[in-house]
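Trainee: Build the 3D model from these lines:
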Amino acid sequence: MVKTGKKIPDVELLLTGNKTTRLSDYQGKWLVLYFYPKASTPGCTQEGLDFKEAIYKFRRQSTTILGASRDSLKAQENFEAKQGFPFDLVADKEETLCNAFGVIKMKNMYGKKVRGIERSTFIIDDRGVLRHEWRGVKVKGHVEEVLETLKRLKNG
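Mentor: I've put the predicted structure just below:
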């Protein structure tokens, strides 16, 4: 599993638009990788919209945003199109990316234990090193916190 200060694994990704890439392809730019439980649900929609609203602030920091969940490519594409997200979403049905970042947890849902994604965000620097992580994220105010942390990390 990833550790702050260490290089992230080079996982292959399936992105919206049916594109495949690898995490190593993002080297040279900073990356904010956020994981959410399920496309088109209220909290996940709000988090995506918050990143969308702040996209130009992230771009000014030469930072790419990627959202990831275990949803199918079709579900991710529908979610991205409906919300007009200006960044790609990762369809991680095989949970390769989720497992690399250790975001799958047992959660309580309506009194039942279910396996699901713990809402989490990671900042990865331009050399592919994990610089900061948030786990158990609450959506309200989170994107602003990510942006402030990113600026602090980049500007020493």
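Trainee: What lies in contact with stretch 137-153?
Mentor: Applying C-beta atoms under 8 Å, 6 or more residues apart in numbering, the set of residues contacting stretch 137-153 from outside is 30, 32, 34, 43, 46-47, 50-51, 53-54, 57-58, 61, 63, 119-121, 123, 125, 131-132, 134. Backbone N, C-alpha and C define where each C-beta goes, glycine included.
Trainee: Now that stretch: average pLDDT?
Mentor: Mean pLDDT, computed over stretch 137-153, is 98.
Trainee: what residue is smack in the middle of this structure?
Mentor: Nearest to the geometric centre of the chain sits residue 34, at 1.7 Å (C-alpha atoms, centre = their mean).
Trainee: coming back round to it: now list the buried members of the contacts of stretch 137-153.
Mentor: For the contacts of stretch 137-153, a neighbour count by 16 or more other C-beta atoms under 10 Å gives the buried set as 30, 32, 34, 47, 50-51, 54, 58, 61, 63, 119-121, 123, 125, 131-132, 134.
Trainee: Now do the residue lying farthest from the centre of the chain against residue 59, distance only.
Mentor: Distance from the C-alpha centroid of the chain peaks at residue 111, with 27.2 Å (C-alpha atoms, centre = their mean). With distances taken as C-beta to C-beta, to the nearest Å, residue 111 is found 43 Å from residue 59.
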